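Participant: here's a sequence, model it:
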Amino acid sequence: MKITAIKSCILAVPTPPPMAAQYPQQKLVVAEIETDAGIGGLGYSLVFGGGGAEAVLAYVERLKGVLMDEDPLFVERLWEKMFRADQGIKKQGIAAYALAALDIGLWDIAGKAAALPLYKLWGAVTDRVPAYGSGGWSKYSEQELVAEAERYAALGCRYYKMKIHHPDPQENRKRVATVQRALGGSVRMMVDVNQRLDVLGNVRQAAALEDLDLVWYEEPVLADDNAACAEVARAIRIPVATGENHYTRWEFRDLIERRAARYLMPDLCRALGFSETLRIGRLAAAHGLALSPHVVHELSLHVVGALPNGFLVEFIDWTPPDLFAEMPQCRDGHFVIPDRPGHGMALAPGAVAKYRSS
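Facilitator: Residues are numbered from 1 along each chain as shown. Modelled structure (predicted):
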């Protein structure tokens, strides 16, 4: 089998309210890989909020030449070839998103060729993965915040994550406590700082939340500063989660060695695709850490379903019904992993024509 063509584009997809007040659109950088055996693979990277998607597409174009005429079933070899294609380009950020889109497409082909869904191809642990509802953006009113949390709870989600972006720690506590009261203790909560505070600011904020029995306290400091993250983890009594803005196994190894987090959260589209995310997950397992991938739950399901330390997938319910042919559905707070070969996702007819921006 040989790769004969790779078609790529950007899809700009509007988000629904109230999320639209924070992020009016999302952008997907799509790579559709064709082969001479008639088996195709869909790869895509979700560029959250859309910033930089055009640069990601440009690097996808650069990497196409690395893959042409290659056997797509040699996924690991091709991952190494893409990773080492440009020694002067560190495989983070833009380059990581691009490599991820292509790696995801290659694994889609491998699963289809084997007639197996990816989680079974990798050695399944489970076919049913719990989810946490995610959102709670800082621009939400309290009424919108509670309504979103209750909507996820109505789907059976036993966990909900919200942002804590207010400069006053007590105001953040008030919002978290309001949601807890509304949910009546039936749902456990997480909070997300989104890198907004320094070490002392996090110590103050966490102290205001410690009695609320939170599952985790997410991304407390700049993702560039693992030492500061470790300092926060030592200083507060809520378990730290981080990793959505870390890219390679070596970055995660540093987090692990510094004991900077108890929950690791690689994003498939930033952490260089399925290949590297699986390596990160197994590294985490060797150190007794749980893995809870960031966003793109429809793809992350396969990773969590294949790893014994997989914990939760992040469920942000924003996708319009005409983007994908079929999205996994959340029932009783869980997703059943699709049994379709590959990752099981396909763009809906007309989606490219409707949403293509470049």
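
Participant: so Leu323 sits against Tyr355, correct?
Facilitator: Yes. Using C-beta atoms under 8 Å, Leu323 is in contact with Tyr355, at 7.0 Å. Placement of C-beta: from N, CA and C, glycine included.

Participant: give me the more crowded residue out of those two.
Facilitator: Neighbours per residue, other C-beta atoms under 10 Å: of Leu323 and Tyr355, the larger number sits with Tyr355, 23 against 18.

Participant: related to what we said a few turns ago, any residues in contact with both of Leu323 and Tyr355?
Facilitator: Counting by C-beta atoms under 8 Å, 6 or more residues apart in numbering, the contacts common to Leu323 and Tyr355 are Leu11, Val13.

Participant: phi and psi next, for the residue lying closest to Glu210 once chain neighbours are set aside.
Facilitator: Closest residue in space to Glu210, ignoring its immediate chain neighbours: Arg237 at 4.9 Å, by C-beta to C-beta, 6 or more residues apart in numbering. Dihedral angles phi and psi of Arg237 (degrees, to the nearest 10) take the values phi -100, psi 0.

Participant: burial of Thr54, as a residue count?
Facilitator: Careful, residue 54 is Glu and not Thr. Using other C-beta under 10 Å, Glu54 has 15 other residues around it.

Participant: would you check how far apart it and Ala261 are?
Facilitator: As judged by C-beta to C-beta, to the nearest Å, Glu54 and Ala261 stand 32 Å apart.

Participant: can you show me the strands along the stretch 251-358 of the chain?
Facilitator: 263-264, 290-291, 313-315, 330-331, 334-336 (DSSP state E, counting those that start in this stretch).

Participant: reformat those strands as TSV; add distance to Asn194.
Facilitator: Putting the strands of the stretch 251-358 of the chain into TSV (distance: least, C-beta to C-beta, whole Å) gives the following:
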stretch	distance to Asn194
strand 263-264	15
strand 290-291	20
strand 313-315	14
strand 330-331	24
strand 334-336	25
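
Participant: out of those, which gets nearest to Gly43?
Facilitator: Nearest to Gly43, of all the strands of the stretch 251-358 of the chain, is strand 313-315, at 18.9 Å by C-beta to C-beta.

Participant: what packs against the closest one?
Facilitator: Helices and strands touching strand 313-315, by 3 or more C-beta pairs under 8 Å, 6 or more residues apart in numbering; DSSP states H and E, are strand 128-134, helix 297-306.

Participant: switch these over to TSV; also include mean neighbour count and mean pLDDT.
Facilitator: Listed next are those as TSV, based on neighbours: other C-beta atoms under 10 Å; pLDDT from 0 to 100:
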stretch	mean neighbour count	mean pLDDT
strand 128-134	23	98
helix 297-306	26	98
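
Participant: quick one: contacts for Ser141?
Facilitator: Here Ser141 is in contact with no residues (criterion: C-beta under 8 Å, 6+ apart).

Participant: any idea how far Pro24 is from it?
Facilitator: Shown here: Ser141 relative to Pro24, a distance of 18 Å by C-beta to C-beta.

Participant: kindly report the same for Ala260.
Facilitator: According to C-beta to C-beta, Ala260 and Pro24 sit 33 Å apart.

Participant: start to end distance for stretch 125-138?
Facilitator: One end of stretch 125-138 to the other measures 36 Å (C-alpha to C-alpha, to the nearest Å).

Participant: give the rounded mean pLDDT of stretch 203-214.
Facilitator: Across stretch 203-214, pLDDT averages out at 98.

Participant: quick one: it to chain centroid distance?
Facilitator: Remark: stretch 203-214 is offset 25 Å from the chain centroid, using C-alpha atoms, centre = their mean, to the nearest Å.

Participant: swap in stretch 287-294?
Facilitator: Stretch 287-294 sits 12 Å away from the centroid of its parent chain (C-alpha atoms, centre = their mean).

Participant: distance between the ends of it?
Facilitator: With C-alpha to C-alpha as the measure, the ends of stretch 287-294 fall 20 Å from one another.
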